[in-house]
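K.L.:
sequence plus the predicted model coming up.
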Amino acid sequence: MIQLSRLSNALRYVGESVIALKEITVFYVHTGRNAWHSTWIARYSPGCMHTTLKSAKAYAETKRVQGTTFNISELPALIISSNIGSVVVTQINSKNPLSGYSRNAVRLTHHSHELMEGHLNDYLSTGAPIYGAILSFERDSRFWNNPPSHSNSLIITETPEIDPDTSEIKVEILKYKSFSQGGQYTMGWKTHKSDVSPSGIAGLRLDE
């Protein structure tokens, strides 16, 4: 199971450099929509983000309770790797994750504090300090044209693996809904098209 953990200590990446960047798909496991409301807010919970569909389905099985319906949403994401692990960035409750982020700084100065020594105006390149790349995704950083909301939006997770098993970013993004096949069998999954777009992350042009 390739399960991502919420980034808890960005300082451990100080002094490390970006060795690889890649656009990927992550698989977000969450429970069903509230029957009493037509809209809902998805929330992050520990263990909900995975780098493969197989891992996401296996995780859902471990949380299975009678009557619970699970959803797995494919989300475009960015993985940034260093020699001590990888960081994965995406957004939930967004139709176009990271579309408000700019690879190049949109301001030369920060509105509330001085810039760190050796700061760059583009951290999404090999050799850049990965700690700076992580900080560039903070909602008040110089790299947002449209900052994300305070909560249940930008999700930064990590894995100790340098090159974890991942799925490539997709043009047509899907979502999956579980159904019971009986208590002694694993859940089945119905596939649907998603209205989430990968264009925000694809627009970062990591190959340039």
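P.N.:
Looks like it arrived, so ask away.

K.L.:
only C-alpha atoms from now on, for both contacts and neighbour counts.
P.N.:
OK.

K.L.:
so Thr90 belongs to a strand, correct?
P.N.:
Yes: counting by DSSP: H, G, I helix; E, B strand; the rest coil, Thr90 is found in a strand.

K.L.:
quick one: it from Leu108, how far?
P.N.:
To Leu108, Thr90 is 25 Å away according to C-alpha to C-alpha, to the nearest Å.

K.L.:
neighbour count: those two, which is higher?
P.N.:
Thr90 (22 against 11; other C-alpha atoms under 10 Å).

K.L.:
wait, doesn't the more buried one sit right on Ile156?
P.N.:
Yes: judged on C-alpha atoms under 8 Å, Thr90 makes contact with Ile156 at a distance of 6.7 Å.

K.L.:
show me what contacts the residue lying closest to Thr90 once chain neighbours are set aside?
P.N.:
Using C-alpha to C-alpha, 6 or more residues apart in numbering and skipping the chain neighbours, the partner closest in space to Thr90 is Ala77 (4.7 Å). Counting by C-alpha atoms under 8 Å, 6 or more residues apart in numbering, Ala77 makes contact with 23-26, 88-91, 97, 169, 201.

K.L.:
quick check, nearest of these to Glu114?
P.N.:
Glu114 lies nearest to Val89 out of these, by C-alpha to C-alpha, at 24.7 Å.

K.L.:
quick one: the closest one from Leu7, how far?
P.N.:
In terms of C-alpha to C-alpha, Val89 sits 10 Å off from Leu7.

K.L.:
overlap of the contact sets of those two?
P.N.:
With C-alpha under 8 Å, 6+ apart as the test, Val89 and Leu7 both reach 156-157.

K.L.:
who's more crowded, those two?
P.N.:
Val89 (23 against 15).

K.L.:
from memory the more buried one sits against Ile155, does it?
P.N.:
Yes: with contacts counted by C-alpha under 8 Å, Val89 reaches Ile155, the gap being 5.9 Å.

K.L.:
what ranges do the strands span in the protein?
P.N.:
5-6, 20-31, 49-50, 70-82, 85-91, 154-159, 167-168, 174-179, 188-193 (DSSP state E).

K.L.:
these into TSV, with extra columns for distance to Tyr13 and mean pLDDT?
P.N.:
Below are those laid out as TSV (distance: least, C-alpha to C-alpha, whole Å; pLDDT from 0 to 100):
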stretch	distance to Tyr13	mean pLDDT
strand 5-6	14	92
strand 20-31	14	95
strand 49-50	21	96
strand 70-82	8	96
strand 85-91	9	97
strand 154-159	11	95
strand 167-168	24	90
strand 174-179	33	96
strand 188-193	37	97
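
K.L.:
comparing these, which comes out most buried?
P.N.:
For the strands of the chain, the largest average neighbour count (mean count of other C-alpha atoms under 10 Å) is found in strand 49-50, namely a mean of 28.
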